[in-house]
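Asks: Structure for this input, please:
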Amino acid sequence: MIVTTDTGAAMILLGPGGERVRVRSLARRAMLASDCETFDHLRLSPGAHHVLPGRPDTETVLHVLRGAAVVGRTDDAPDHLASEGDLLLAPRGRELHLEAGPLGAELLCLVLAAPRRKASAGHPRPASRTRP
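Replies: Here you go, the predicted structure:
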């Protein structure tokens, strides 16, 4: 098991208005023998924006530890207000846009390798069961 305890090992991203996003990687794929791609701790200053890029082979789980954030996507889907204790699952390949609330936000972000979809060609579907 890999445990990160060094608080200085974080990346700080600065926005155009001086807002800050602090990203500390708790684990990366090479550290884990699982389907976990990344496990990050995010701290967003009030009003900060951060984009989590989506990939077709991954799914993202967000857990809000403190504060609130608006979670949106690039398509026309409505944004979601996620607050403390909320858990969100982004479907395969979705890019997420985060905007921290007025008090900032602290989140855990887990990116998982999504199971590969199997082609159905050549594989008959099981017969549906009907009750007599």
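Asks: now for whichever strand in the chain runs longest, which elements pack on it?
Replies: Using DSSP state E, we find that the single longest strand of the chain is strand 96-113. For strand 96-113, the packing partners by 3 or more CB pairs under 8 Å, 6 or more residues apart in numbering; DSSP states H and E come out as strand 36-44, strand 49-52, strand 58-73. Just so you know, the C-beta spots here come from the backbone N, C-alpha and C atoms, and that holds for glycine as well.
Asks: again, only this time at 10 Å
Replies: strand 20-28, strand 36-44, strand 49-52, strand 58-73, strand 80-83, strand 87-90 (3 or more CB pairs under 10 Å, 6 or more residues apart in numbering; DSSP states H and E).
Asks: So for that strand, what gets flagged as buried?
Replies: 96, 98-101, 104-107, 109-112 (16 or more other CB atoms under 10 Å).
Asks: quick one on the thing from earlier: could the helices and strands packed on strand 96-113 be laid out in a markdown table, adding distance to Arg116 and mean pLDDT?
Replies: Shown next, in a markdown table, are the helices and strands packed on strand 96-113 (distance: least, CB to CB, whole Å; pLDDT from 0 to 100):
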| stretch | distance to Arg116 | mean pLDDT |
| --- | --- | --- |
| strand 20-28 | 21 | 66 |
| strand 36-44 | 14 | 84 |
| strand 49-52 | 22 | 89 |
| strand 58-73 | 12 | 90 |
| strand 80-83 | 28 | 88 |
| strand 87-90 | 18 | 86 |
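Asks: quick revisit: can you list the buried residues of strand 96-113 in JSON lines and add distance to Val61?
Replies: Below are these laid out as JSON lines (distance: CB to CB, whole Å):
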{"residue": "Leu96", "distance to Val61": "11"}
{"residue": "Leu98", "distance to Val61": "14"}
{"residue": "Glu99", "distance to Val61": "19"}
{"residue": "Ala100", "distance to Val61": "18"}
{"residue": "Gly101", "distance to Val61": "20"}
{"residue": "Gly104", "distance to Val61": "20"}
{"residue": "Ala105", "distance to Val61": "16"}
{"residue": "Glu106", "distance to Val61": "15"}
{"residue": "Leu107", "distance to Val61": "10"}
{"residue": "Cys109", "distance to Val61": "7"}
{"residue": "Leu110", "distance to Val61": "4"}
{"residue": "Val111", "distance to Val61": "8"}
{"residue": "Leu112", "distance to Val61": "7"}
